[in-house]
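In: Structure of the sequence below:
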Amino acid sequence: MTPNKKVKILATLGPAIKTIDDIRQLVEAGVNLFRLNFSHGEHADHAQRYDWVREVEQQLNTPIGILMDLQGPKLRVGRFKEGKVNLQRGQTLRLDLDSTPGDAQRVNLPHPEIIEALQPGMNLLLDDGRLRLQVTSKQSDAVITEVIAGGELSDRKGVNVPEAVLQLSPLTDKDRRDLAFGLQLGVDWVALSFVQRPEDIIEARELIGDKAFLMAKIEKPSAVIHLEEIARLCDAIMVARGDLGVEVPAENVPRIQKDIIRTCRQLGKPVVVATQMLESMRFSPAPTRAEVTDVANAVAEGADAVMLSAETASGDYPLEAVQMMSKIIRQVENGPDFQAQLDVGRPQAEATTSDAISCAIRRISTILPVAALVNYTESGASSLRASRERPTAAILSLTPSLNTARRLTVAWGIYSVVNERLHKVEEVTSTALEIAQAQGMAQRGDTLVITAGEPFGQPGSTNSLRIETLH
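Out: Below is the predicted model:
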């Protein structure tokens with residue numbers, strides 16, 4: 001499959017994807033990796049979709065990444081005697097640990113961690129932010145609140161606490177069971193929900209080990225505050241704009257998105273922009289103009305990947321949504337000022353051989369008409385450093401590891417080919433030229449820049465650069 005875009009597409013699998021042919025069509029339309037959303041579906045459903053992806057990977061002979069997205073803690077109010085109540089602005093509502101069904105004056109909040117963390121003056125958001133309460137006083141087993149924005153509240157609606165850090169692990173018992181299952185399946189990435197602080201990443205790392213890469217979802221205000229520490233500890237970041245847009249003022253989300261993308265690029269960590277990107281295409285074959293602009297902005301800002309959620313998982317037009325997202329990406333990338341925009345935000349290089357070579361190949365690709373940048377990598381680290389530079393040419397990553405190739409599917413501009421026959425540096429050049437031509441990334445007369453390292457096959461040893469012409 002010839003690469004035709006640099007920004008990757010992450011698509012969620014769900015009941016709308018009914019056969020292996022559906023998955024193949026999505027990959028051919030531009031999907032680079034798939035998300036298994038463990039907030040929905042049974043383990044058997046996820047296992048079936050996992051197997052389909054792996055079979056399509058073999059059919060098309062192209063690495064495809066698989067990400068499992070853990071649900072995380074779900075904070076909810078209890079039940080009401082009548083199933084729902086109508087809260088009026090200015091009225092008092094007590095939230096307590098009593099499991100008795102509630103009414104318009106009180107309701108169960110079965111989360112002692114929330115009650116412990118709340119202080120007078122703090123806000124609670126209910127039902128995805130549709131209702132807002134402010135704490136007026138606190139007791140050992142309850143908080144008394146005033147309704148600031150009222151409306152209908154029904155059983156088991158969600159609770160968000162944007163102003164407090166909860167003493168709560170991001171991994172519930174369900175998450176731990178799901179994680180064990182996903183790692184046994186062989187997922188490449190684990191997306192961690194409800195991240196509040198760096199310690200949450202350390203906790204997840206201890207469970208995952210080296211079995212998968214870890215992606216932190218930034219959806220809490222406290223995670224935004226600790227963004228750089230969290231990003232350094234994980235392998236990638238997801239801008240989870242759904243919950244983030246509830247917990248911070250909506251007008252702040254675009255700025256936070258830009259800050260996250262800039263921070264991740266400086267650190268060389270892939271960043272995914274997610275949630276409601278083409279939301280209207282769940283029920284319509286065409287997106288709104290605002291949605292098209294949203295995707296285009298994420299691409300222009302330098303995101304590594306953009307994500308489709310319900311559009312492909314449960315929507316009526318999953319294939320059309322992927323095709324549209326691919327078209328938007330290509331349109332932006334082919335624009336006259338795209339590369340100039342990326343160069344403005346180019347991160348400061350570190351004083352390492354790998355960064356020196358990565359900067360050199362980016363510069364070379366602006367001087368010479370380079371068809372492809374070919375990088376030999378064991379771990380994927382040198383390919384990620386090259387991707388961080390956002391060069392004009394696509395990056396052909398040669399690796400002996402299928403796991404590395406799958407994990408790099410989220411990274412900007414990298415297309416991997418698994419090749420186990422490389423044993424010394426001299427073989428890299430001839431193999432690179434051969435594979436670049438076979439992949440449709442270069443033809444006779446084209447210039448390629450090739451990087452590798454000695455001692456050969458040792459991670460972190462990239463120290464050589466060659467400029468070759470394909471004869």
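In: C-alpha from now on. contacts and neighbour counts both.
Out: Will do.
In: In this structure, spot the helix with the most residues.
Out: When the chain is parsed with DSSP state H, its longest helix is helix 43-60.
In: Please point out which parts of whichever helix or strand comes after it sit buried.
Out: Downstream of helix 43-60, the first helix or strand assigned by DSSP states H and E is strand 65-69. By 16 or more other C-alpha atoms under 10 Å, the buried positions in strand 65-69 come out as G65, I66, L67, M68, D69.
In: Does the second one touch N37 like I think?
Out: No. Applying C-alpha atoms under 8 Å, one finds I66 not in contact with N37, separated by 10.8 Å.
In: if we can go back for a sec, dump the buried residues of strand 65-69 to a markdown table, plus distance to A11 and pLDDT.
Out: Shown next, in a markdown table, are the buried residues of strand 65-69 (distance: C-alpha to C-alpha, whole Å; pLDDT from 0 to 100):
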| residue | distance to A11 | pLDDT |
| --- | --- | --- |
| G65 | 11 | 98 |
| I66 | 10 | 98 |
| L67 | 10 | 98 |
| M68 | 12 | 98 |
| D69 | 12 | 98 |
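In: Reformat those as a markdown table; add distance to I467.
Out: Below are these laid out as a markdown table (distance: C-alpha to C-alpha, whole Å):
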| residue | distance to I467 |
| --- | --- |
| G65 | 30 |
| I66 | 34 |
| L67 | 36 |
| M68 | 39 |
| D69 | 41 |
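In: which one of those is nearest S387?
Out: For the buried residues of strand 65-69, the residue nearest S387 by C-alpha to C-alpha is G65; the value is 17.2 Å.
In: Would you quantify the distance from the closest one to D51?
Out: 12 Å (C-alpha to C-alpha, to the nearest Å).
In: One more: G380?
Out: As for G380, its distance to D51 is 24 Å (criterion: C-alpha to C-alpha).
In: before we move on, what about D22?
Out: Here the criterion is C-alpha to C-alpha. By it, D22 lies 13 Å from D51.
In: Alpha carbons only: can I get stretch 369-376 in CSV?
Out: Only the C-alpha atoms of stretch 369-376 are listed here, as CSV (Å, rounded to 0.1, in the frame of the first residue of the first chain):
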residue,chain,number,x,y,z
PRO,A,369,14.1,16.5,-4.1
VAL,A,370,14.2,13.6,-1.6
ALA,A,371,11.5,10.9,-2.4
ALA,A,372,11.8,9.1,0.9
LEU,A,373,13.8,9.1,4.2
VAL,A,374,14.8,5.5,5.0
ASN,A,375,15.6,4.6,8.5
TYR,A,376,16.7,1.3,9.9
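In: Please give the element, helix or strand, for S354.
Out: Here S354 is covered by helix 353-367, with elements defined by DSSP H and E.
In: Could you do V417 as well?
Out: For V417, the enclosing helix or strand under DSSP H and E is strand 414-418.
In: which of the residues in that strand are buried?
Out: Buried positions in strand 414-418, judged by neighbour count with 16+ other C-alpha under 10 Å: I414, Y415, S416, V417, V418.
In: can I assume the fourth one is in contact with P3?
Out: No. Taking contacts as C-alpha under 8 Å, V417 lies outside contact range of P3: 11.8 Å.
In: Contacts for the helix holding S354, please.
Out: For helix 353-367, contacts defined as C-alpha atoms under 8 Å, 6 or more residues apart in numbering pick out 349-350, 370, 373, 382, 385-386, 389-393, 449, 451, 460-465.
In: Please point out which parts of the helix or strand containing D343 sit buried.
Out: For D343, the host element (DSSP H and E) is helix 338-344. Using 16+ other C-alpha under 10 Å as the test for burial, helix 338-344 gives F338, Q339, L342.
In: Out of those residues, which comes closest to L166?
Out: For the buried residues of helix 338-344, the minimum distance to L166 (C-alpha to C-alpha) is 37.5 Å, reached by L342.
In: Show the contacting residues for that closest one.
Out: By C-alpha under 8 Å, 6+ apart, the residues touching L342 are A300, E301, G302, R390.
In: phi, psi of the first one?
Out: Recorded main-chain torsions at A300 are phi -60, psi -30, according to degrees, to the nearest 10.
In: ok, it - contacts?
Out: By C-alpha under 8 Å, 6+ apart, the contact list for A300 reads V332, E333, F338, Q341, L342.
In: Helix or strand for E378, just tell me which one.
Out: Here E378, judged by DSSP H and E, is contained in no helix and no strand.
In: can I assume it is in contact with N403?
Out: No. Checked against C-alpha under 8 Å, the pair E378 and N403 is beyond contact range at 9.9 Å.
In: Common neighbours of these two, please.
Out: Residues touching both E378 and N403 (C-alpha under 8 Å, 6+ apart): there are none.
In: now the end-to-end length of stretch 191-198.
Out: End to end - C-alpha to C-alpha - stretch 191-198 spans 15 Å.
In: Quick one: mean pLDDT over that stretch.
Out: Taken as a whole, stretch 191-198 has an average pLDDT of 98.
In: Show me the beta-bridge partners of L465.
Out: Under DSSP bridges, the beta-bridge partners of L465 are T451.
In: I'd assumed T429 was in contact with it.
Out: No. With contacts counted by C-alpha under 8 Å, L465 stays clear of T429, the gap being 10.3 Å.
In: Of those two, which one has the most company?
Out: Set side by side, L465 and T429 show more neighbours around T429, with 20 against 17, by other C-alpha atoms under 10 Å.
In: Surely that one forms part of a helix?
Out: Yes. Under DSSP: H, G, I helix; E, B strand; the rest coil, T429 falls within a helix.
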